[in-house]
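Engineer: Structure for the following, please:
(chains A and B)
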Amino acid sequence: NAGVTQTPKFRVLKTGQSMTLLCAQDMNHEYMYWYRQDPGMGLRLIHYSVGEGTTAKGEVPDGYNVSRLKKQNFLLGLESAAPSQTSVYFCASSYSRDRGHEQYFGPGTRLTVT
Amino acid sequence: EDQVTQSPEALRLQEGESSSLNCSYTVSGLRGLFWYRQDPGKGPEFLFTLYSAGEEKEKERLKATLTKKESFLHITAPKPEDSATYLCAVRRYNNNDMRFGAGTRLTVKP
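Structural biologist: Numbering: from 1, shown residues only, chains lettered A, B, ... in the order given. Got it, this is the predicted structure:
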């Protein structure tokens, strides 16, 4: 099992450019999440999905969009990148609410917006 | 609003010197409190889930405990390989997201 994988690992964007981050999991988890991690602020939830075809906003959704067309994949899009979106992005997945909800994280994507 | 505060921000221990990390929380209707370990440049790795006050969980040199207002992660006789950032997070009933603390960065010197 690969667990949770993320591509790319690193990316540098110019202000105003767009990009998509891909998350894939092979554990048949129903729930998937996108977080950003900034120094001193911990992990903050951007968007999440409770199943294929569903998405919902988290704590800091502005400037991001997501899609979950397949159960195993969760995409995070930045339509017009801003320097404030410089961060490390983590994807996570978990079973449904009734099965403990422990989240399994990917290795992260380090994004720099100049 | 849900809040999770971890202390101290950083902790330096000598190998074998036991200590505790604190996670205090305010949340209405706690569904679970989670502890994770994060190594530099990697994603968080799940350690424990605690569901109710009085519950304890152990794994090797780590023991997590829970009260109605806080959780402790006790580290007994730590080794250098225990050096990492330890994160706690809380989840409410009828809520699908998790609120994380900023973490405690633990360094264990040989």
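
Engineer: what's the helix or strand containing A:I46 in contact with?
Structural biologist: Assigned by DSSP states H and E, A:I46 belongs to strand A:42-49. Outside strand A:42-49, the residues within contact range by Cβ atoms under 8 Å, 6 or more residues apart in numbering or on different chains are A:31-38, A:55-61, A:64-66, A:68, A:74, A:76, A:89-90, B:4, B:44, B:87, B:89, B:96-98, B:100-103. For the C-beta atoms, the positions are set from N, CA and C on the backbone; glycine is no exception.

Engineer: Where does pLDDT dip in the chain?
Structural biologist: Defaulting to chain A. Filtered on pLDDT under 70, chain A yields the residue ranges A:97-100.

Engineer: not what I meant, chain B
Structural biologist: Low-confidence segments of chain B (pLDDT under 70): B:94.

Engineer: Return the nearest residue of it with respect to chain A.
Structural biologist: Per Cβ to the nearest Cβ, B:G43 is where chain B lies closest to chain A, at 3.3 Å.

Engineer: need the contact list for that residue.
Structural biologist: B:G43 sits next to A:V4, A:F90, A:A92, A:F105, A:G106, A:P107, A:G108 when contact means Cβ under 8 Å, 6+ apart.

Engineer: Am I right that the third one is in a strand?
Structural biologist: In other words, A:A92. Yes: using DSSP: H, G, I helix; E, B strand; the rest coil, the assignment for A:A92 is a strand.

Engineer: Tell me how far it lies from chain B.
Structural biologist: From A:A92 across to chain B, the span is 8 Å (Cβ to the nearest Cβ, to the nearest Å).

Engineer: Pop out the phi and psi values for B:Q3.
Structural biologist: Here is the backbone geometry of B:Q3 (degrees, to the nearest 10): phi -140, psi 140.

Engineer: Just give the closest residue to it, not the sequence neighbours.
Structural biologist: B:T26 (4.8 Å; Cβ to Cβ, 6 or more residues apart in numbering or on different chains).

Engineer: contacting residues for the one you found?
Structural biologist: Counting by Cβ under 8 Å, 6+ apart, B:T26 touches B:D2, B:Q3, B:K69.

Engineer: Look up the closest residue to residue 53, ignoring the ones flanking it.
Structural biologist: Defaulting to chain A. Using Cβ to Cβ, 6+ apart and skipping the chain neighbours, the partner closest in space to A:G53 is A:R68 (6.4 Å).

Engineer: Not quite, go with chain B.
Structural biologist: Of all residues not flanking B:A53 in the chain, B:K68 sits nearest, at 4.8 Å (Cβ to Cβ, 6+ apart).
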